[in-house]
Structures are given as C-alpha cells and as structure tokens.
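Visitor: Would you be able to build a 3D model of this:
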Amino acid sequence: MATVKLGDRGAEVRRLQTLLTSALRARLKVDGHFGARTQQAVVQLQKMKSLPQDGVVGPKTWAALGQRYSPLPKLERVVAPGDAPWMKVAQDELGVHEDALPGHHNKRIIEYHSTTTLKATTDETPWCSSFVNWAITKAGYRGTNNALARSWLAWGKAADPPRSGAVTVIKKKGAASDQATGSATGFHVGFYVSSTPTAVRLLGGNQSDQVKYSSFSLQSYEVRGYRWPG
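Guide: Okay, here's the model as predicted:
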C-alpha cells in the first residue's frame, strides 16, 4: 500500500475506504476519492489506534488496518476495452493483501469468499478461485461458485490459444501443494496476461498473499487449461 492523502484518487483510496468502512462500521462511500469524509474517518481511526492524527495514510495507518505498506504495482494495460471487463475489476483490486495482524482477516478477501459455496471466513483459506469468482461475478458473468481452482477447467469454453483475460488454471509440477499460491492441492487459477516460451504471467489473488501480477515458470508449473465464458 502506498501513502494516500486528501485529494488523492484511485484504487488505493477505494481500498482504504473499504477497510475504513469495516474497521469503523461507518457508512463511507467507496468512490475512490479521498475527500473530507474519508479524511475524517482516517483521523477517527488514528485517534482510536493512538496514532498521529494527521489524516494521512502512511505505513503506520495501513498497519493499523492490517495492511502492509508497499507502492501500488504499476498497472499493466493489456486488455482492449470491453474485451474482458472482469480484468478491469481485477486490476482495481491490485495490492489487496491478507491482513498482517494476528487473528485478523481482510474483509475484502472474505467478500471474495462469499461468491463460493465454501464461504470461508478467514483470509488464510486459499482464495485464488474466490477472487476469480468475485471478479467474474462483478463483471456480470456467472462463475463456478466453487473455491477449488481446478473447478474452472469445466467452466465456459476452451480458449486456446489464450486471449488476454482468459481464466487460466495451472498446476505445480510434482507437488500436492504450493507455498507461492497458498494452494493445498498444487492448483492455482488467475487471469491470463501474457506468456513466453518459458513462463505464463497471470493477474490473480493469493499470489504471495495478495492480488498481483506474477510470472510462473513453465519449468515448475504446467498450464492445465485456458477458459472463456461460454
């Protein structure tokens, strides 16, 4: 998470507003604009957490919200407008991270889980498929409603060769689990960004505990399928 303050706009501010709404049980409009009401909510949180009440959201304030401080990843514009509308939804979630505070869970990730029948209540439950379900659903499509990454292999239709935004299922070679994706089965799902002869690049959730772009080596992973809404 990067520093944000009065007057800022964008995905980081929307993420802040979502977290503040949960932390303060406040009715704060999630519009991506750091206005006076958002600043007041920040000061309220800072007061509650005994932090300097400057209304600026830096490392300590992000930490009070259970988030790790880091610059927002550079946005990769890889999808033509209207081609894969779920990619815009997914891109707006870049940087959403598991809650760093012991015993706390990021409510945004819990929201992702709500789109599956599992409806997990912790951000430590593998959430890559929950994230894909959430983004697909927000874009107006029907997902698998399933928390398992491999469930996407039966969704929609094949997209081979892959298109930007294709739902991509990969599997860790020779392993039943994968620490990099938090997978207990070795399967992972995300959205296709690009590929080379040696790697596939995905935008997904639960990639190093967050929503981010990651490149997966084809020496270590195999692509099990590319899917598109049917």
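
Visitor: three-state assignment of Glu222?
Guide: Under the three-state scheme (DSSP: H, G, I helix; E, B strand; the rest coil), Glu222 adopts strand.

Visitor: separation between Lys212 and Val30?
Guide: 21 Å (C-beta to C-beta, to the nearest Å). Where you see a C-beta, it was placed from the backbone N, CA and C, and this is true even at glycine.

Visitor: Over to Gly174?
Guide: From Gly174 to Val30 the distance is 43 Å (C-beta to C-beta).

Visitor: Could you do Leu16 as well?
Guide: Separation of Leu16 from Val30 (C-beta to C-beta): 9 Å.

Visitor: and if you look at Ala184?
Guide: On the measure of C-beta to C-beta, Ala184 and Val30 end up 32 Å apart.

Visitor: who's more crowded, these two?
Guide: Taking neighbours as other C-beta atoms under 10 Å, Ala184 and Val30 compare with Val30 leading, 15 against 12.

Visitor: Is that one located within a strand, as I assumed?
Guide: No: Val30: not assigned to a strand; according to three-state DSSP it is coil.

Visitor: Let me see the contact set for it.
Guide: Going by C-beta atoms under 8 Å, 6 or more residues apart in numbering, Val30 touches Arg14, Gln17, Thr18, Thr21.

Visitor: Look up which helix or strand the closest residue to it other than its chain neighbours falls in, please.
Guide: Counting by C-beta to C-beta, 6 or more residues apart in numbering, Val30 lies nearest to Gln17, which is 4.5 Å off, once chain neighbours are set aside. Assigned by DSSP states H and E, Gln17 falls within helix 11-24.

Visitor: okay, and the helix or strand of this structure with the least pLDDT?
Guide: Ranked by mean pLDDT, DSSP states H and E, the weakest helix or strand in the chain is helix 11-24, scoring a mean of 85.

Visitor: which parts of that helix are buried?
Guide: 11-23 (16 or more other C-beta atoms under 10 Å).

Visitor: just the angle between the following helix or strand past it and helix 11-24, please?
Guide: Per DSSP H and E, the first helix or strand lying C-terminal to helix 11-24 is helix 36-48. Here the directions of helix 36-48 and helix 11-24 differ by 50 degrees (axes from the mean of the first three to the mean of the last three C-alpha atoms, to 10 degrees).

Visitor: From the contact counts, what lies against helix 36-48?
Guide: Applying 3 or more C-beta pairs under 8 Å, 6 or more residues apart in numbering; DSSP states H and E, one finds that helix 36-48 contacts helix 11-24, helix 59-64.

Visitor: can you redo these as CSV with distance to Ser129?
Guide: Shown next, in CSV, are those (distance: least, C-beta to C-beta, whole Å):
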stretch, distance to Ser129
helix 11-24, 21
helix 59-64, 27
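
Visitor: mind checking which of these is nearest Asp83?
Guide: Closest to Asp83 of the helices and strands packed on helix 36-48 is helix 11-24 (C-beta to C-beta; 20.1 Å).

Visitor: ok, back up a step: what about the least confident helix or strand of the chain, distance to the chain center?
Guide: 14 Å (C-alpha atoms, centre = their mean, to the nearest Å).
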